[in-house]
Every structure is written in structure tokens, then in C-alpha cells.
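# just to be clear, the model below is a prediction. Sequence and coordinates:
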Amino acid sequence: MTWGTIATWRMAHDGVVKASDLLTAGGQAGDAVEALINVVEAYPYYKSVGYGGLPNEEGVVEMDAAFMDGDTLAQGAVGGIHNVMHAVSVARALSHQHYNSFRVGDGATKFAQLNGFEMTNMLTDRAKARWQKRLAELATENMTPYDGHDTVGAITLDTTGSMAAATSTSGLFMKKAGRVGDSPLSGSGYYVDSEIGGAAATGLGEDIMKGCISYEIVRRMGEGETPQEACDHAVYPFVAKLKKRYGKAGEFSLVAMNNRGEWGVATNVEFTFSVGNDQAAPRILIAHPGVDGHSTLIEPITQDWLDAYEKRIKAPIE
Ligand code: ASP
């Protein structure tokens, strides 16, 4: 039976393995996508998602997350939620409500508290040290505060044909308090329709939002494009358009899967992702924009790359 899952960045891989195990055993798409994201949220060395995520300018870890059920199109999302271990699980709970399904700030945090979600201080010593270091650097150097961001965004397809999508991120490092990115925004950070497929994004939220790019990929798949065609056609012309009309374009990396378990990606930077389906076991791949400016080069990851990554994420903060 067909099943599949794809998710952004190397950090998603353990979650993709977990989701694949659940899906192989007949698990449901929504449960699998939540479990996938929960694995990433709990790992303290991933500095852009959940526990260990980097804080905003004021030292507070504010998280954005979303969940979508591709059968019913139900969505739940949180923006700027704090002190919650699994923001995506809160988003999923909100997706069961017709009203008040997208909550931000204290209202979102209160909902989590009242509904028994695990509450904890999400600012680890390591993330705090990075924040303090960056504050000192910004005081002396003229540098951009925004780095150390990434979102885990994932799509799942189960053996009954149901699909789900979810995202989770601590957003841009040193973002202003209350800044919300694309990740909890329907159609920008994610979208899924079990009759077609789903897509999810990572990159500069402010620019991803300008193109509602996840929805555009799903719309294109609905018109018969393969996931790879839909990604290429939605992402590269839009990046070019933004450069022309807005003067610049931030980072865009998108993953997509259709309801047959076929997948695609497009990116304007080096981009790792993890993907598995009933045809091929979960694996990490690396994508680059093609030299022609409108296609994507995809290769297996090398052991050297993985070793360097492992070293980088655990390196002492000096
Ligand atoms: N899209 C996220 C945001 O803008 C960050 C990222 O994925 O790198 O908050």
C-alpha cells in the first residue's frame, strides 16, 4: 500500500523515520506528522525548533506552528506561543475547533496550559549563551541579526489515502517580539488536500508569504503537474518576480508530496531534506538550485556533510 512522508532539513530525519514506521504499520497521517514534528521539537541541539530554539531579541523563545488535516481541510495554528514543549500538538488540538483555531501570544499559551500540554522553559543554557553572544556582537558590529532560523515542515500520506501537513519553528533568531513568520500561515508555510497533495516551506517568512507558495504548489499539482514540476514552477519564477518587483528575495525552500507518494522540492539555497515512502526507505538528500535558474539538483547526502553537521550543531559556544 502506498504511503509517504517528506520533511524539511536534515534535522527532520529521525522524525521522518518515526513517521515512516507509524505509516508502515497502518498509522494515520495526522498522528504520523505530529509524531515527526514532536521528535524535532524535543531535540535540544536543533536551534530553530522547539526546545533549544533560539529566542527573540528580548530573550524569549516564541514559537509558531501549524497542523492541517488534508481530508477535512481543518487547520489549527499558533503564533508566538511560549513555554510549550510541543507547539505543533497545541496547533493540532486547535484544528479540532471551528472557531478560535489560530491563536497567538498569551492566548495561545493559556490554551496550552488549560488543556494540559507540557509546559517548560524552552530557553536552554546553550540557546541563552548564543543569544548573549549575539547581543554583544550586535553592539559592536554592523551585522544582520537574522540567522540561525529554519522550520521543520512535513507532509504525510497514509495507506488509506489521508494526508496531513504540519510545521514548527522558533522563527528568526533575534526577531522582534510578536513577529510571526509564514510557518503558521495557511497557504504560505503549509497546505494539504488529500485529493491532491501537500507542500510545506522554510526560509524567510516575510517573503514566502508574498507568494502563498505552499498553496500555489498544491494548486499546480491539482492541475496535473508532478510535485517536482509544481515546486519548480511555483518557486523559481516567484523568486525572480520578487527580485524584479521588490528588489530582493530571501531564502525559499519547499517540499511537496502528492497523494501517490511522489515528491518534489525546490530551493534557492543549499537545502537538505528527508523523504521516505513505500518504494524507498527514509533518506536524507541535498538539493541545490540548478544553474539554469528554474530547476532543482538533488543528490544523496555525503557522510562528510553529515559529520560536519553533527560537529557544527554540538560545537561549544565561545
Ligand atoms: N520560515 C521561518 C520564519 O520565517 C524561518 C525558517 O524557516 O527559516 O519564521
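Now that the structure is in, tell me what you want to look at. All figures in this text were calculated on a predicted structure; none of them were measured in a lab.
# separation between Leu114 and the ligand?
Using Cβ to the nearest ligand atom, to the nearest Å, Leu114 is found at 26 Å from the ligand. Just so you know, the C-beta spots here come from the backbone N, C-alpha and C atoms, and that holds for glycine as well.
# hmm, I was thinking of Thr296
When distances are taken as Cβ to the nearest ligand atom, Thr296 and the ligand turn out to be 18 Å apart.
# quick one: contacts for that residue?
Listed by Cβ atoms under 8 Å, 6 or more residues apart in numbering, the contact partners of Thr296 are 228, 231-232, 264-267, 287-290.
# same check on Ser20?
Contact criterion Cβ under 8 Å, 6+ apart gives 3, 5, 276, 281-282 as the residues in contact with Ser20.
# what does the stretch 101-250 of the chain put close to the ligand?
For the stretch 101-250 of the chain, the residues in contact with the ligand under the definition Cβ under 6 Å from any ligand atom are 149-151, 169, 171-172, 181-183, 202-205.
# and the residue of the stretch 1-150 of the chain that's closest to the ligand?
Evaluated by Cβ to the nearest ligand atom, the stretch 1-150 of the chain has His149 as its residue closest to the ligand, separated by 3.6 Å.
# name the helix or strand for the residue lying closest to that residue once chain neighbours are set aside, please.
The shortest distance from His149 to any residue other than its chain neighbours is 4.6 Å, reached at Leu172 (Cβ to Cβ, 6 or more residues apart in numbering). In the assignment (DSSP states H and E), Leu172 maps to no helix and no strand.
# ok, now the one 3 residues further on?
Secondary structure assignment for Lys175, by DSSP H and E: no helix or strand.
# what about it, how many neighbours?
Other residues near Lys175 come to 22 when the count uses other Cβ atoms under 10 Å.
# please tell me which one of the contacts of Ser20 counts the most neighbours.
Using other Cβ under 10 Å as the neighbour criterion, Thr5 leads those with 33 neighbours.
# hang on, isn't that residue packed against Thr24?
No - distance between Thr5 and Thr24: 10.4 Å, which falls outside the contact criterion (Cβ atoms under 8 Å).
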